[in-house]
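Participant: below are the sequence and a predicted model; questions follow.
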Amino acid sequence: MFEGPFIARFFAIIQLGSLAFLLLSGPWIADNLWLLTIETSGILLGILALWQMNPSNINITPVPKAGGRLVTHGVYAVIRHPMYLAQLLVVGALVIEHYSHLRLIILLVLIANLILKLNYEESHLIKHFAGYEKYRQSSWRLLPLIY
């Protein structure tokens, strides 16, 4: 796979561009109660994940920060990438609620990008944190019981 700062920035740009398009191309709040519940769950998961990660530890690119620490407690004990899942829950509900072919394509681009990004990120986390391999064996990447 590609290496270096270019690919790390590329993943972040695709992610942010996809999210921006999906949020700007339709309403931000689902009308359907079930979809609103999914969207709200995504928002709450994202807030919880950010709080447990500690903002000083967060990096938009898939490369660990120098001096960063490995977070394995709370929601991270179950899911290694809860912020990615949170994003998908929020925008996924909005795409279903206000469907268009273009919005679906952008959502699929976002999903593919996040999967490639998390694999790239994990290849760096293994090198950066001595305990990451053990952590990988006791948690799910993105979806508990599935992936």
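Facilitator: Arrived safely, thanks for sending.
Participant: and the longest helix along the chain, what's buried?
Facilitator: Criterion DSSP state H: the longest helix present in the chain is helix 101-128. Across helix 101-128, burial judged by 16 or more other CB atoms under 10 Å covers 103, 106-107, 109-111, 113-114, 116-118, 120-122, 124-125. C-beta coordinates here come from the backbone N, C-alpha and C atoms, glycine included.
Participant: for stretch 10-23, which positions count as buried?
Facilitator: Quick answer for stretch 10-23 (16+ other CB under 10 Å): 10-12, 14-15, 18, 21-22.
Participant: turn those residues into a markdown table, columns for distance to Gln52, secondary structure and pLDDT.
Facilitator: Converted to a markdown table, those look like this (distance: CB to CB, whole Å; DSSP: H, G, I helix; E, B strand; the rest coil; pLDDT from 0 to 100):
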| residue | distance to Gln52 | secondary structure | pLDDT |
| --- | --- | --- | --- |
| Phe10 | 27 | helix | 95 |
| Phe11 | 22 | helix | 95 |
| Ala12 | 21 | helix | 95 |
| Ile14 | 26 | helix | 97 |
| Gln15 | 20 | helix | 97 |
| Ser18 | 25 | helix | 98 |
| Phe21 | 28 | helix | 97 |
| Leu22 | 25 | helix | 97 |
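Participant: low-confidence regions, the chain specifically.
Facilitator: 1-3 (pLDDT under 70).
Participant: now the helices: where do they sit in it?
Facilitator: Going by DSSP H, the chain shows helices at 5-24, 33-53, 82-97, 101-128, 132-137.
Participant: export the second one as PDB, just CAs?
Facilitator: Included here for helix 33-53 are C-alpha records, laid out as PDB according to Å, rounded to 0.1, in the frame of the first residue of the first chain:
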ATOM      1  CA  LEU A  33     -38.000   8.400  14.400                       C
ATOM      2  CA  TRP A  34     -35.900   5.300  13.700                       C
ATOM      3  CA  LEU A  35     -33.400   7.200  11.600                       C
ATOM      4  CA  LEU A  36     -33.300  10.000  14.100                       C
ATOM      5  CA  THR A  37     -32.500   7.400  16.800                       C
ATOM      6  CA  ILE A  38     -29.600   6.100  14.600                       C
ATOM      7  CA  GLU A  39     -28.400   9.600  13.900                       C
ATOM      8  CA  THR A  40     -28.600  10.600  17.600                       C
ATOM      9  CA  SER A  41     -26.800   7.400  18.600                       C
ATOM     10  CA  GLY A  42     -24.000   8.300  16.200                       C
ATOM     11  CA  ILE A  43     -23.700  11.700  17.600                       C
ATOM     12  CA  LEU A  44     -23.600  10.400  21.200                       C
ATOM     13  CA  LEU A  45     -21.100   7.700  20.200                       C
ATOM     14  CA  GLY A  46     -18.900  10.400  18.600                       C
ATOM     15  CA  ILE A  47     -19.000  12.600  21.600                       C
ATOM     16  CA  LEU A  48     -18.300   9.700  24.000                       C
ATOM     17  CA  ALA A  49     -15.400   8.600  21.800                       C
ATOM     18  CA  LEU A  50     -13.900  12.100  21.600                       C
ATOM     19  CA  TRP A  51     -14.200  12.500  25.300                       C
ATOM     20  CA  GLN A  52     -12.600   9.100  26.000                       C
ATOM     21  CA  MET A  53      -9.800   9.700  23.500                       C
END
